[in-house]
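Chemist: Next input, structure requested:
(one chain, ligands or ions: 1)
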Amino acid sequence: MTSTSTETPAIAGLDRALVQALSTVRRNIGAFGSAYPDDTTTGDRYPLRPAHKGFPVGANQGWTTSFWPGTQWIAFELTGDAEFRDAALGHARDFARRVHDEEDLETHDLGFLYTLASVAPWRLLSDQASRAAALRAADALMRRFLEPAGIVQAWGDLSDPAQRGRTIIDSLMNMPLLTWAFEQTGEERYADAVRRHTTQLRAHILREDDSTFHTFYWDAETGEPLRGGTEQGAFDQSCWARGQAWGIYGFALNHKATGDPELLEASRRSAEYFLAHLPSDRVPFWDLVYTDGSDAPRDSSAGAIAVCGLLELAELETDPALADRWRAEARGILTSLIANYAPETPEASDALILHSVYDLPKDNGVDEGTLWGDYFYLEALMRAARPDWTPYW
Ligand code: GLY
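Modeler: Down below sits the predicted model:
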């Protein structure tokens, strides 16, 4: 495993960061076995996922379990080591069981879950059982597509009027599962849902000043757009850092899927706002309302997502000067993540990257490692090491 690009300027510490991350992934495979770690660390150590609503400790439930096999798939691609592949394939079998048994599917996050757990093994190994599982998951996601609003509803009980017309910016990252299902089956309904949902988010969740709402509500009966708000940000009009990072990456990926130039522009606008609100070390506070001098926690996971999004945006960019700029900004953030946010040694934490925030208003996972932070940090390292890498999204 070495970084292979000769065109891209070297990133300080990249090779060492890769070696360290892979060592931690290897140790965690030994520690967790076929069970799933919790969403976030507690004191920089991952407990097993706690028992919840009838699920036992370590079960495959919630929205983040796929980031663990996703991390293993990248480790496998970097090394060719069968230990990573076999661990990830074990999880792929469990994800096939989960969707077959209709277990804990009531969420738009089926995109995060099944892109990494099932589309990845299909792409890498032509694994047929994973293809079937991912198609089933895409159909479960389609059950959340609401007419006449033309959105994929986010969470919770679809019959609850308070939740029924709600979506969130994170949902942009769930659309690639539907795009993949369209590519596999040729069924227009998947592509149509992607086009309509992303058009609605571009029009309403992206604000005039290029910041984003975390969540937005539509009248589910009439389709009328109602209001934006937040769930995990500082306040309704603030800009939750991870949401803005999902916007950079998600609008870019959906531009690639649809060819819609307005989604390319939406990704650029999200990027401009994000970059203009970074502190001097280039890793965001958990909400972009905070700036240098604040003692608010950082969200390194938002930084890692933004690196991946900026590098994807650079690939799709029609303006070469802008593409260079996105790559340079991505390098700056990644260099700081490696130098300032990775554990000093692999033994210092179970997480690949420290100092993320899950949900500060609910005091959940504040200044901890997170499964998605680890995944996107390793994806960012992979993208830096191998610029021709094919994403799972
Ligand atoms: N998708 C939920 C989060 O980013 O916290």
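Chemist: Contact partners for whatever residue of the stretch 51-200 of the chain ends up closest to the ligand?
Modeler: Here the stretch 51-200 of the chain gets closest to the ligand at one residue, Asp170, 3.7 Å apart by C-beta to the nearest ligand atom. Any C-beta I mention is one placed from the backbone N, CA and C, and that applies to glycine too. Under the criterion of C-beta atoms under 8 Å, 6 or more residues apart in numbering, the contact list for Asp170 reads His108, Asp109, Ala154, Arg242, Gly243, Trp246, Gly250.
Chemist: The fifth one is in contact with Phe216, isn't it?
Modeler: No: contact between Gly243 and Phe216 fails when scored by C-beta atoms under 8 Å: they sit 11.0 Å apart.
Chemist: Name the residues contacting each of the two.
Modeler: Taking C-beta under 8 Å, 6+ apart as the criterion, Gly243 and Phe216 both touch Ile168.
Chemist: And the contacts of Asp170, which of them are buried?
Modeler: Taking 16 or more other C-beta atoms under 10 Å as the criterion, what is buried in the contacts of Asp170 is His108, Asp109, Ala154, Arg242, Gly243, Trp246, Gly250.
Chemist: ok, those residues vs Ile29, which is closest?
Modeler: Nearest to Ile29 among these, counting by C-beta to C-beta, is Asp109 at 23.4 Å.
Chemist: Can you tell me the closest non-neighbouring residue to the closest one?
Modeler: Using C-beta to C-beta, 6 or more residues apart in numbering and skipping residues adjacent in sequence, the residue nearest Asp109 is Trp63, 3.7 Å away.
Chemist: Pull up the gap between the one you found and Tyr114, please.
Modeler: 11 Å (C-beta to C-beta, to the nearest Å).
Chemist: which residues touch Gly303?
Modeler: For Gly303, the set of contacting residues under the criterion of C-beta under 8 Å, 6+ apart consists of Ala245, Arg282, Val283, Pro284, Ile333, Ser336, Leu337, Tyr341.
Chemist: By neighbours, which of the residues you listed wins?
Modeler: Ala245 (32 neighbours; other C-beta atoms under 10 Å).
Chemist: and the lowest-mean-pLDDT helix or strand in the chain, what does it pack onto?
Modeler: Among the helices and strands of the chain, helix 161-164 carries the lowest confidence by mean pLDDT, DSSP states H and E, at a mean of 81. Under the contact definition 3 or more C-beta pairs under 8 Å, 6 or more residues apart in numbering; DSSP states H and E, helix 161-164 sits against no other helix or strand.
Chemist: start at 10 instead
Modeler: Taking 10 as the first residue, the last one we looked at is helix 170-173.
Chemist: by contact count, what packs against the helix or strand that it is followed by?
Modeler: With elements assigned by DSSP states H and E, the helix or strand that comes after helix 170-173 is strand 175-177. The contact analysis (3+ C-beta pairs under 8 Å, 6+ apart) places strand 175-177 against helix 197-213, strand 224-227.
Chemist: Quick check: which of the ones you listed has the most neighbours on average?
Modeler: Comparing these by mean neighbour count (mean count of other C-beta atoms under 10 Å), strand 224-227 comes out on top with a mean of 23.
Chemist: can you pull the alpha-carbon coordinates of that strand into CSV?
Modeler: Output in CSV follows, covering the C-alpha atoms of strand 224-227 (Å, rounded to 0.1, in the frame of the first residue of the first chain):
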residue,chain,number,x,y,z
THR,A,224,-34.3,20.3,7.7
PHE,A,225,-37.1,21.6,5.6
TYR,A,226,-40.9,20.9,5.8
TRP,A,227,-43.4,20.6,3.0
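Chemist: Identify the residues contacting that strand?
Modeler: When contacts are defined by C-beta under 8 Å, 6+ apart, strand 224-227 is touched by residues 155, 158, 160, 163, 174-178, 209-210, 213-214, 233-240.
Chemist: Filter those residues down to the buried ones, PyMOL style.
Modeler: The command below creates a PyMOL selection of those among those that count as buried (16+ other C-beta under 10 Å):
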select buried, resi 155+158+160+163+174+175+176+177+178+209+210+213+214+234+237+238+239+240
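Chemist: contacting residues around Gln193?
Modeler: For Gln193, the set of contacting residues under the criterion of C-beta under 8 Å, 6+ apart consists of Arg140, Leu144.
Chemist: Over to Gln81?
Modeler: Val34, Ile38, Phe93, Arg94, Ala96, Ala97, His100.
Chemist: Per-residue pLDDT of Gln137, please?
Modeler: As predicted, Gln137 sits at a pLDDT of 98.
Chemist: who in the stretch 160-309 of the chain is up against the ligand?
Modeler: Residues of the stretch 160-309 of the chain found near the ligand, taking C-beta under 6 Å from any ligand atom as the criterion, are Asp179, Gln241, Arg251.
Chemist: quick one: the last one is in a helix?
Modeler: In other words, Arg251. Yes: counting by DSSP: H, G, I helix; E, B strand; the rest coil, one finds Arg251 located in a helix.
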